[in-house]
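Asks: sharing a model prediction with you, sequence too.
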Amino acid sequence: MYSSFNHYERDRASKAVEVQDPSNAYVNMEPNWILIEDLITGTYGIRKRHRKYLPQMPREQDESYDNRLATSVLAPLYIRIERLLAGMLTRKPVRLNEVSERVTEDLFDVNLQGDDLTSWTFETSKIMLRYGHVGVLVDAPTGGTGRPYWITYSPREILGWRTELIDGQQKLVQLRLLEKVTVPDGDYGEKEIDQVRLLTPGAFEVHQKGKQGKYVKVDEGTTSLDYIPFAIAYSNKVGFLESRPPMQDIAELNLLHFQKSSDFDNQLRISAVPMLCLFGFPQASEEVSAGPGEAIAFPEGARAEFVEIKGQSFQYQSERIKDIEGQINNLALAAILGQKLGAETAASKEIDRSQGDSTLKIVAQQLQDMVDNCLMFHANYLNISEVGNSFINRDFLGQKLAPQEIQAMQGLWASGAISQETLLKQLAEGEILGDDFDVEMEIESTQMGDMPDEEPTPPAEPDEQTEDPEDDD
């Protein structure tokens, strides 16, 4: 009989009847999230799911399997790569251009949880890389009259949506978001309750899970905006609010690395203990024990020796584990950055700064567009016409401009081929002028003829040995 693996071919569909029911797109994306969500829980989370990720071998005793499981450790390869790539995107602070002072001040605590814009972008980009896309709701307390703040939602929390083609654009007309709120429980405890936020243009409803498991409407109201202020960014888009995890293959290799390492360590543990073999020794009623403080009396012609496993296959298993690690590195850096970092010659070590075919560059552009939309929503809440825009870092590897490149740019500026602003921006992006360098302020300062503030040089005190001219009179 064929194994049960044909469950991968099942069609998944959802009948969304209640407000908490997920859409068809949701249930079809969900299987791609499960392994990744388990990997980020680390060794504890993988052990907790035991046979799902570490199969018990045929005729392997339960006690032996439990011991193997307890000593199997998950290498945090996936989660480190996720942090690495998110760190590349936010290696330099998010830059704001022509954003009002009021909005800029709010962005020092963008989500009302103490995170500034760059820290918030780092955490948001991790979710986007993990699932394939991410959504951000710009909300304001008391129906849009308070201070706006940004809330990040992973695809697991975006239950369903409806869109319409309005003015040539696909716009949301309904959105259901899953949230968790913590409420007091008794005198000192607390508990977490699921709730669904239902959004329509200019209005909202909150449905909270009751004791019987049924969701009940507990709040509703209107907003000051006539649209749903929800921005989206994709790292591997399939359709509107649909995607696939861009690093799913890395997650699968990380699981394979865990399984192979578990087998390898278990075999080493067994083979590391030599077995005592007795030759020509008669059977006795008592068991024969051996140890550093004991001796065995043998009859004539009998002998004993330890038998050890030579373990010639261990080298191949070890090389296989290293090969998996190499595949993970290649997928993470070569595929994501669009480069091969395993350079051998001096020329091949110079990675193209433009990275035009880089997947991460596209992700950075998506992230930047999302932040720009959030800035617009934020400004609309406050009735501010000055929206501005943002810039997400593209210099992922932190290479400084070479001296010949700087000289070439200076020559272009001196000949009038490029402006002073272009020159300074290129030098700033090339990490020559520092992260805190303000191009606009520098241009304004040089145009006004201002020089850097310097303390005035005090007049030289007269030399005691110099005669006063008046003394000659």
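Replies: Ah, there it is. Residues are numbered from 1 along each chain as shown.
Asks: past the helix or strand encompassing S125, which element shows up next along the chain?
Replies: Using DSSP states H and E, S125 sits in helix 117-131. Proceeding C-terminally, helix 117-131 gives way to strand 133-139 as the next helix or strand, assigned by DSSP H and E.
Asks: rounded mean pLDDT for stretch 381-392, please.
Replies: Averaged over stretch 381-392, pLDDT sits at 90.
Asks: measure that stretch end to end?
Replies: Using CA to CA, to the nearest Å, the span of stretch 381-392 from its first residue to its last is 24 Å.
Asks: what does stretch 411-426 give?
Replies: Using CA to CA, the distance between the terminal residues of stretch 411-426 is 13 Å.
Asks: hang on, isn't V363 packed against K126?
Replies: No: in terms of CB atoms under 8 Å, V363 does not count as a neighbour of K126; the distance is 11.4 Å. C-beta: built from backbone N, CA, C; applies to glycine.
Asks: which of the two has more residues huddled nearby?
Replies: When V363 and K126 are compared for neighbours, V363 comes out ahead with 24 against 21, by other CB atoms under 10 Å.
Asks: grab the most central residue of this protein for me.
Replies: In the chain, the C-alpha closest to the average C-alpha coordinate belongs to K126, at a distance of 2.2 Å (CA atoms, centre = their mean).
Asks: how long is stretch 21-32 from one end to the other?
Replies: Start and end residues of stretch 21-32 are separated by 19 Å (CA to CA).
Asks: ok, and for it, which residues are buried?
Replies: D21, P22, S23, A25, Y26, N28, M29, N32 (16 or more other CB atoms under 10 Å).
Asks: any idea which of those is closest to R59?
Replies: N32 (34.0 Å; CB to CB).
Asks: tell me the SS of the closest residue to D62 other than its chain neighbours?
Replies: Nearest-residue entry for D62: Q56, 7.8 Å, with adjacent residues in sequence omitted and distances by CB to CB, 6 or more residues apart in numbering. Per DSSP: H, G, I helix; E, B strand; the rest coil, the local secondary structure of Q56 is coil.
Asks: next one: Q56 from L129, what distance?
Replies: According to CB to CB, to the nearest Å, Q56 and L129 sit 33 Å apart.
Asks: now swap in D109 and tell me
Replies: When CB to CB is the yardstick, D109 and L129 sit 24 Å from each other.
Asks: now V216
Replies: Computed with CB to CB, the distance linking V216 and L129 is 36 Å.
Asks: these two - which one has more neighbours?
Replies: Set side by side, V216 and L129 show unequal neighbour counts under other CB under 10 Å, the larger going to L129 at 25 against 13.
Asks: report the contact partners of the more buried one.
Replies: E82, L85, A86, S235, P246, M247, V363 (CB atoms under 8 Å, 6 or more residues apart in numbering).
Asks: before I go, just wanted to say thanks for your time.
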